[in-house]
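> Quick one: sequence plus predicted model below, questions after.
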Amino acid sequence: MAGNTRRNARTRPKPSIDDDPINNDKKSNLNHKKERTRFRSSSRIQFYVGFLAIFAFAVSTYFIYSSFMNSIDYGSQKPRVITPFPAPKLMDLPQFQGEHKESLYWGTYRPHVYLGVRARTSLSLIAGLMWLGVKDGQYVMRHVCQDSDNLGTYGWTHHNGRDYGRQLITDHGLKLETNFLKLRGKDSGYGGDWAVRMDVQSKKSGPEEDIYGTGHFFFYVADEGGHAISLSRDVLDIHEDSLLASGSRRDVGGWQLHLESADNLEIHYSGFKTPHIHNLSDLVQVNLAHQIRRSGRLQLPDNLGPLGHSPNILVFQISAKLPFKADFAFVSGTEIKSSWLEERVSRLTGENLSKQLMEKKNEFEDKFQRCFNLNDKVDSEASVVGKAAIANLLGGIGYFYGQSKISVPKNFDIKGDDYLLYWPAELYTAVPSRSFFPRGFLWDEGFHQLLIWRWDVHICLDIIGHWLDLLNIDGWIPREQILGAEALSKVPEEFVLQHPTNGNPPTLFLVLHDLISGIKMGKFSPAESSEISSFLEHASIRLDAWFKWFNTSQLGKDPDSYFWHGRDNITIRELNPKTLSSGLDDYPRASHPNEDERHLDLRCWMLLAADCLHTIVKLTKNHDGLGKEYDFIVKRLSNFESLNQMHYDEAFGAYFDFGNHTEKVRLRSQLKMNGNYANQEMVREVLEEPKLRFVPHVGYVSLFPFMGKLIPPGSWILGKQLDLISNSSTLWTNYGIRSLSKTSSLYMKRNTEHDPPYWRGPIWMNMNYMILSALHHYSEADGPYKMRARTIYEELRSNLIRNIMQNYYKTGYLWEQYDQKTGKGKGARPFTGWTSLVLLIMSESYSSGWGISNF
Ligand SMILES: *[C@@H]1O[C@H](CO)[C@@H](O)[C@H](O)[C@H]1NC(C)=O
Ligand SMILES: *[C@@H]1O[C@H](CO)[C@@H](O)[C@H](O)[C@H]1NC(C)=O
Ligand SMILES: *[C@@H]1O[C@H](CO)[C@@H](O)[C@H](O)[C@H]1NC(C)=O
Ligand SMILES: *[C@@H]1O[C@H](CO)[C@@H](O)[C@H](O)[C@H]1NC(C)=O
Ligand SMILES: *[C@@H]1O[C@H](CO)[C@@H](O)[C@H](O)[C@H]1NC(C)=O
Ligand SMILES: *[C@@H]1O[C@H](CO)[C@@H](O)[C@H](O)[C@H]1NC(C)=O
């Protein structure tokens with residue numbers, strides 16, 4: 001997948017500067033061998049100049065920063081699409097205030113950096129860690145999670161989503177362990193105190209050892225609100241006094257940052273004043289390069305930036321011989337005189353910290369055991385992978401704040417801009433991948449929450465609440481949330497706009513289903529149950545609007561039919577025009593998009609949503625007509641005969657989409673004149689007139705009625721589905737179920753010359769989890785296929801677990817997808833979003849989705 005430009009539902013990240021040979025030249029490549037000797041200066045002058053220019057720019061832009069948000073004036077005609085849904089916000093519910101809110105204030109909510117801490121507020125004080133790694137004999141700054149850093153592994157082995165996490169990072173010859181711990185001390189400010197421990201070792205073997213004889217780490221604090229941060233004193237010797245920095249904020253009061261270590265650390269610092277915190281690593285690198293050029297020393301200059309500007313960022317460089325340990329303690333509420341400061345700092349450092357980290361680790365293990373109960377199901381090797389799955393999903397939870405950019409509706413004319421800004425909004429959410437997709441994705445989130453509710457239902461409701469508060473007055477939610485400069489810096493400009501005509505699978509209903517059935521089965525405490533019920537009661541008006549948005553905007557021509565709107569019906573470049581909104585991107589659909597289309601997956605999502613709403617309406621006794629409406633639509637959409645009539649191809653023995661389609665298409669190279677230049681271009685050729693028919697591609701979409709458990713256990717159609725799933729000429733592999741059958745005409749075909757196959761063969765964990773859920777269901781339902789379903793279930797489950805485990809131990813990561821021929825992890829890594837479902841597969845905890853009407 002390296003470096004291609006294809007457009008996916010999850011848009012590709014920007015190439016990092018390190019990947020870009022042109023930019024790379026300009027940047028401060030710090031040759032590690034030149035440390036403490038003079039730098040050859042001729043080609044380096046430009047850093048210096050660039051550095052000054054950046055400073056001037058940063059200072060001058062700082063003051064217009066605050067007026068940046070929401071700056072477009074729409075006058076009286078504010079477009080509907082950027083108008084919030086007119087109902088009380090879910091996040092204002094009492095259950096999300098008080099103790100709950102404070103307990104989640106600080107966290108590792110910056111998943112896109114290797115280690116970052118922030119609070120759940122728009123302009124937070126943030127902290128983070130960088131270090132110098134080595135690539136091709138040159139120093140490079142590690143900070144933002146980047147594939148090109150090529151780390152052996154990184155990720156949380158333990159994380160409880162609240163106040164504790166332990167992460168292991170292997171950077172070639174360097175082994176780094178980072179721990180996070182949060183504590184509510186006596187007299188601490190809002191949200192409590194926290195500590196970060198870094199434990200650095202060198203891998204003893206290999207030629208790289210001497211490179212890492214000395215480690216250079218950079219710990220920073222930065223105030224997004226621009227408040228000044230004070231340095232404790234000019235010369236930092238932590239054996240005299242552990243205080244590094246201090247400041248004051250409205251949210252937490254006075255605060256201090258301390259550093260304690262028993263090792264011999266050399267400490268230097270640098271201050272900056274800039275709002276551009278998202279590219280702080282560049283700033284530090286430029287600064288270091290300048291310093292090397294000037295003094296020949298690889299160390300920050302011990303100054304606070306331009307005179308007269310008190311810095312809002314302080315970066316501390318910690319250099320020491322390996323191995324060493326350092327504890328950073330953050331304490332708040334320090335303006336109170338008798339605030340037990342010393343005691344609080346000593347609890348967050350040294351032996352005291354070690355002891356608490358050990359306790360928290362044990363707590364994590366106990367809770368893991370209680371929630372997932374893997375003991376008699378998998379071995380301890382698998383269990384390690386299961387722990388990494390949940391820890392990384394929880395440790396990957398982020399907090400984002402900003403405004404989505406929305407494409408301008410056709411009939412709307414605003415001067416100057418080609419986009420609208422959504423209202424400034426916060427989002428607390430898990431993310432699919434810390435390196436590639438470190439932001440919120442609507443369709444992934446439902447799968448993430450299948451794990452998270454089992455771990456901490458309060459976190460789960462908080463996340464769903466945030467998402468539902470993003471609903472606009474039309475009942476639409478933007479599917480990819482690119483909020484704030486840090487998130488934006490990872491996304492190429494052309495992929496930023498969100499289109500208000502396009503939907504995305506409403507997977508959150510899967511979770512709501514689970515929560516409701518959890519209540520009915522007594523899985524929650526009485527207090528939790530009543531919180532969930534109250535949440536659902538208040539959410540129902542939003543869920544109803546969300547449903548109605550689909551039920552009007554994605555409606556098909558025939559009664560009870562739906563299709564994903566927004567497919568490109570004029571392109572001649574794509575072999576099969578993509579359906580990004582479905583989440584399945586290039587999964588083949590009708591070759592010629594038009595209004596006659598019927599999409600099987602969307603119909604099933606609609607049933608899931610209607611069924612869920614129906615139950616919520618009954619549960620919350622909020623009848624007044626709504627109940628009847630949903631009862632009616634559930635009956636229609638779950639009608640087996642009507643489903644078969646509209647989507648079942650008897651001749652083929654499979655469920656399909658319907659539309660204007662021909663199989664006879666191909667990409668052909670064509671010569672195109674472009675001014676004076678001739679270009680070769682791939683263009684689609686259609687060799688046969690398309691006609692209205694079933695779209696004969698067997699794959700994940702064909703299995704939706706099966707995944708939805710809509711097929712009666714006694715039906716021969718169930719037998720046919722099991723045939724397709726278990727046949728290695730179609731969907732079966734020893735690593736999981738393929739996304740598209742080997743017999744499909746588009747199996748592993750490129751969609752354009754730049755678009756390699758994505759959902760056209762490889763194995764994806766979210767769909768395999770749904771398939772397993774259904775197999776499990778049918779292996780327990782009486783009928784002629786019970787035993788067969790059981791056999792397939794057992795085999796598929798063990799294939800999935802084995803393959804993901806093997807990849808994890810071999811590569812250090814969970815992956816976005818797995819190759820259907822070799823089982824090898826592919827695409828983004830780490831991908832600890834829905835691939836984490838492997839843990840639920842290990843523990844045989846399946847989603848009740850689509851099955852709930854039976855209650
Ligand atoms: C940081 O980002 C800002 C805004 O995107 C840019 O103007 C500035 O040049 C960048 N600084 C560095 C050092 O790359
Ligand atoms: C642990 O913390 C207590 C205060 O809570 C302090 O008296 C003690 O010295 C600390 N122990 C160590 C080893 O730092
Ligand atoms: C969904 O749309 C159909 C067709 O327009 C309509 O008959 C039905 O009442 C709608 N259901 C709900 C719950 O909005
Ligand atoms: C493509 O779709 C748009 C919107 O549905 C429609 O107005 C247009 O006529 C269609 N064009 C073709 C060539 O089918
Ligand atoms: C199917 O697509 C072809 C080619 O765009 C078009 O000519 C034909 O009218 C379409 N058929 C229907 C039923 O829409
Ligand atoms: C498996 O699928 C292939 C291709 O559709 C088919 O020819 C074959 O008969 C199937 N095998 C079984 C055992 O159903």
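Everything's here; your move. Ligands and ions are numbered 1, 2, ... in the order given.
> C-alpha only now, for contacts and for neighbours.
OK.
> What are the buried residues along stretch 193-207?
Buried residues in stretch 193-207, counted by 16 or more other C-alpha atoms under 10 Å: Asp193, Trp194, Ala195, Val196, Arg197, Met198, Asp199, Val200, Gln201, Ser202, Lys203.
> And for stretch 594-605?
Residues Asn594, Asp596, Glu597, Arg598, His599, Leu600, Asp601, Leu602, Arg603, Cys604, Trp605 are the ones in stretch 594-605 that count as buried (16+ other C-alpha under 10 Å).
> Just the element for the residue sitting nearest the centre point of the chain, please.
Central residue of the chain (C-alpha atoms, centre = their mean): Val431, 1.5 Å from the mean position. Counting by DSSP states H and E, there is no helix or strand that carries Val431.
> Make sure it is actually in contact with Phe441.
Yes: at 7.1 Å, Val431 counts as touching Phe441 under the criterion of C-alpha atoms under 8 Å.
> Scan this protein for its longest helix.
Ranked by residue count under DSSP state H, the longest helix found in the chain is helix 526-553.
> and that one, average pLDDT?
Averaging pLDDT along helix 526-553 gives 96.
> State the pLDDT value of the residue of the chain most remote from its centre.
Distance from the C-alpha centroid of the chain, by C-alpha atoms, centre = their mean, peaks at Asn676 (45.0 Å). Asn676 carries a pLDDT value of 82.
> where's it relative to Pro712, distance?
64 Å (C-alpha to C-alpha, to the nearest Å).
> just Gln498 next, same as before
The value you get for Gln498 to Pro712, if C-alpha to C-alpha is used, is 39 Å.
> If you count surrounding residues, which of these two has more?
Gln498 (21 against 14; other C-alpha atoms under 10 Å).
> What residues does the stretch 501-650 of the chain have near ligand 3?
Neighbours of ligand 3 within the stretch 501-650 of the chain, by C-alpha under 6 Å from any ligand atom: Lys548, Asn551, Glu629, Tyr630.
> Going by neighbour count, which of these comes out on top?
Tyr630 (21 neighbours).
> pLDDT at it, what is it?
At Tyr630, pLDDT is 93.
> Ok, the one 10 residues further on next?
Confidence per residue is given as pLDDT, and for Phe640 that number is 96.
> Neighbours of the residue of the stretch 451-600 of the chain found nearest ligand 2, how many?
Nearest to ligand 2 in the stretch 451-600 of the chain, going by C-alpha to the nearest ligand atom, is Asp456, at a distance of 29.4 Å. Here the number of neighbours of Asp456 (other C-alpha under 10 Å) works out to 16.
> how much space between it and Leu357?
Distance, Asp456 to Leu357, by C-alpha to C-alpha: 20 Å.
> now Gly395
Distance from Gly395 to Leu357, by C-alpha to C-alpha: 16 Å.
> Look at the two and report which has more neighbours.
With neighbours defined as other C-alpha under 10 Å, Gly395 and Leu357 compare such that Gly395 has more, 31 against 20.
> Three-state assignment for Trp255, please.
Under DSSP: H, G, I helix; E, B strand; the rest coil, the three-state class of Trp255 is strand.
> which residues touch the nearest residue to it once chain neighbours are set aside?
Leaving aside its sequence neighbours, Trp255 sits nearest to Ser332 (C-alpha to C-alpha, 6 or more residues apart in numbering; 4.2 Å). Counting by C-alpha atoms under 8 Å, 6 or more residues apart in numbering, Ser332 makes contact with Ser188, Gly189, Tyr190, Gly192, Asp193, Val252, Gly253, Gly254, Trp255, Gln256.
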